[in-house]
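Participant: Quick one: sequence plus predicted model below, questions after.
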Amino acid sequence: MPVACFAGLALDPSKLLLSLLSISLALVFLFLLRRPLSNTSRISLLYAHLASLFFPAVLLTTQTTCGLLCISVCSSPTNILPLVLLSLPTTLLLSFLSGSFLLPFLFLRTHKKISSGWLVRFIRSSSLRLSIRPPSLFLIDKASPVAFSFRHLRSAVFLSVGLCDILNRKEVEAVLLHELAHIKHSTSALRLSLALFRFSPLSLVIRFHHLNRREEQEADRLAASIQHTSIHLSSARKKIQAYERSENKET
Amino acid sequence: MDTITKIRFKQTGPETILSPLEAKVLSALWDKKSARVRDLHTIIRKDTNVALTSVAVMLDRLHKKQLVTRTVSVGRGGRHYTYAPALTREAFDYTTLDTIVSKLLDTFGDSAVAYFNDKFSRKK
């Protein structure tokens, strides 16, 4: 069946042209992301890239040769306009839903929420200090030291058990403050969009670490200003890097 | 134990199939019965200059090899893993031997059987 779909797409010059145009647009959006832009523009470009990359795939599912997946509107292989009118909003809707709801929903559903203990108390008191709504705290059952946050649906901070294993209390607090700073600055939307970028095959060859470098520095500054020192944050970072180095070598 | 990838003939004990640090961590855990990363680090640090992060990595590797079990416990620094050996020393030796002998029998078949018969009859 998929072979028939591809054959159908390749044999129809208008659909082939449309697919190539869409993939070219995806590359253009990716190229534009390298320029200095605001967070909103970056997020829009990331979604535009993903949408134009997946548009040919949605177009495929509306092919007459795809049997069960075919929708009545595409019964005529030459009727390209209804196809586009159907595929384009579907792609945009799918990209938006996966970024705004599906990914956060999966993160929230697959991790255990912590509702008591000093970690929660610390998040509550620090949120009050930063004038933000206290986010929920979720535990990642992993030995690798990981921490991240997002502000979709509701704000949440994720912390791995391995992080608490190797960091002392002050260092864990520094990491939590860093994540709360991300929530305060609303930079987690960009970070989540960057996580969604992993669905793009081009993520294997292109990295966008520079996109959130400034946000990371701002979050570090806020965490250090609350703790009155950057010692704990930098020692936490050193330990995390040491863990990653140990992971890659045989001892 | 499907995780045996190499045998170090120059070593003895768990080091035969595990890395030196993995073997040290597992031996310390056999003595302690159950422990957190920090507790094991304190014990191992007395003999070897090793970082806390290295001990954490070794424990995670042993967990992936199903040689240790872990549970999340609440402690002073938040949530922690408490590790425990999945096998006793004796069970570990038995499983290692069983895996190696089974591999020899699979690889050499009748020659291996004949060799073991000869070896054990001479020992008697």
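Facilitator: Sure, I can see it. Numbers count the residues shown, from 1 in each chain, chains lettered A, B, ... in the order given.
Participant: For the strand or helix carrying residue A:91, which helices and strands make contact with it?
Facilitator: Using DSSP states H and E, residue A:91 maps to helix A:80-97. Packing partners of helix A:80-97 (3 or more Cβ pairs under 8 Å, 6 or more residues apart in numbering or on different chains; DSSP states H and E): helix A:13-32, helix A:39-61. For glycine as for every other residue, the C-beta is placed from the backbone atoms N, C-alpha and C.
Participant: which residues of the stretch 51-200 of chain A fall in strands?
Facilitator: A:112-114, A:136-140, A:147-150, A:156-160 (DSSP state E, counting those that start in this stretch).
Participant: Burial-wise, tell me which of these comes out on top.
Facilitator: strand A:156-160 (a mean of 23; mean count of other Cβ atoms under 10 Å in any protein chain shown).
Participant: Identify the residues contacting that one?
Facilitator: A:104, A:107-108, A:111, A:119, A:123, A:135-150, A:172, A:175-176, A:179-180, A:183, B:78-79 (Cβ atoms under 8 Å, 6 or more residues apart in numbering or on different chains).
Participant: State the mean pLDDT of stretch A:59-66.
Facilitator: The predicted model assigns stretch A:59-66 a mean pLDDT of 61.
Participant: what number of residues lie near the residue lying closest to residue B:15 once chain neighbours are set aside?
Facilitator: Residue nearest to residue B:15 in three dimensions, not counting chain neighbours: residue B:23, with 4.2 Å by Cβ to Cβ, 6 or more residues apart in numbering or on different chains. Using other Cβ atoms under 10 Å in any protein chain shown, residue B:23 is surrounded by 20 other residues.
Participant: which other helices and strands contact the helix or strand harbouring residue B:121?
Facilitator: Per DSSP H and E: residue B:121 is located in helix B:110-123. Applying 3+ Cβ pairs under 8 Å, 6+ apart, one finds that helix B:110-123 makes contact with helix B:89-108.
Participant: How about the helix it packs on, which residues are buried there?
Facilitator: B:92, B:96 (16 or more other Cβ atoms under 10 Å in any protein chain shown).
Participant: Likewise for stretch A:113-121?
Facilitator: A:114, A:119-120.
Participant: do the same with stretch B:35-53
Facilitator: Of the residues in stretch B:35-53, those buried (16+ other Cβ under 10 Å) are B:35-41, B:43-44, B:50-53.
Participant: Let me have those residues in TSV, extended by pLDDT, secondary structure and distance to residue A:34.
Facilitator: TSV is the format used below for these (pLDDT from 0 to 100; DSSP: H, G, I helix; E, B strand; the rest coil; distance: Cβ to Cβ, whole Å):
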residue	pLDDT	secondary structure	distance to residue A:34
B:35	94	strand	49
B:36	95	strand	45
B:37	95	helix	41
B:38	94	helix	44
B:39	94	helix	48
B:40	95	helix	46
B:41	95	helix	43
B:43	94	helix	50
B:44	93	helix	47
B:50	92	coil	42
B:51	93	coil	38
B:52	94	helix	39
B:53	95	helix	34
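Participant: Show the overlap between the residues you listed and what lies near chain A.
Facilitator: B:36-38, B:51-53 (Cβ under 8 Å from any Cβ of the partner chain).
Participant: so which of those residues comes closest to residue A:240?
Facilitator: residue B:53 (8.3 Å; Cβ to Cβ).
Participant: Name all residues that make contact with the closest one.
Facilitator: A:166, A:239, A:242-243, A:246.
Participant: Confirm residue B:72 sits in a strand?
Facilitator: Yes: under DSSP: H, G, I helix; E, B strand; the rest coil, residue B:72 falls within a strand.
Participant: Give me the distance between it and chain A.
Facilitator: Relative to chain A, residue B:72 is positioned 6 Å away (Cβ to the nearest Cβ, to the nearest Å).
Participant: is that residue in a bridge, and if so with what?
Facilitator: Taking DSSP bridges, one obtains residue B:81 as the residues bridged to residue B:72.
Participant: Just the buried positions in stretch A:27-36, please.
Facilitator: Buried, per 16+ other Cβ under 10 Å, within stretch A:27-36: A:29-30, A:33.
Participant: Save the residues you listed as a markdown table, and put in distance to chain B and pLDDT too.
Facilitator: Formatted as a markdown table, the buried residues of stretch A:27-36 follow (distance: Cβ to the nearest Cβ, whole Å; pLDDT from 0 to 100):
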| residue | distance to chain B | pLDDT |
| --- | --- | --- |
| A:29 | 39 | 84 |
| A:30 | 35 | 80 |
| A:33 | 34 | 76 |
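Participant: what about stretch A:139-155, start to end distance?
Facilitator: 14 Å (Cα to Cα, to the nearest Å).
Participant: is any part of it close to chain B?
Facilitator: Yes: Stretch A:139-155 reaches chain B (Cβ under 8 Å from any Cβ) through A:139, A:141, A:143-144.
Participant: sorry, back to before: dump the helix holding residue B:121 to CSV, restricted to CA.
Facilitator: What follows is helix B:110-123 as a C-alpha-only set of coordinates in CSV (Å, rounded to 0.1, in the frame of the first residue of the first chain):
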residue,chain,number,x,y,z
ASP,B,110,30.0,-32.8,21.5
SER,B,111,33.7,-31.8,21.8
ALA,B,112,32.8,-29.7,24.8
VAL,B,113,30.8,-32.6,26.4
ALA,B,114,33.7,-35.0,25.7
TYR,B,115,36.1,-32.5,27.2
PHE,B,116,34.1,-32.0,30.4
ASN,B,117,33.6,-35.8,30.8
ASP,B,118,37.4,-36.3,30.5
LYS,B,119,38.2,-33.4,32.8
PHE,B,120,35.7,-34.5,35.6
SER,B,121,36.5,-38.2,35.4
ARG,B,122,40.2,-37.4,35.8
LYS,B,123,39.4,-35.1,38.8
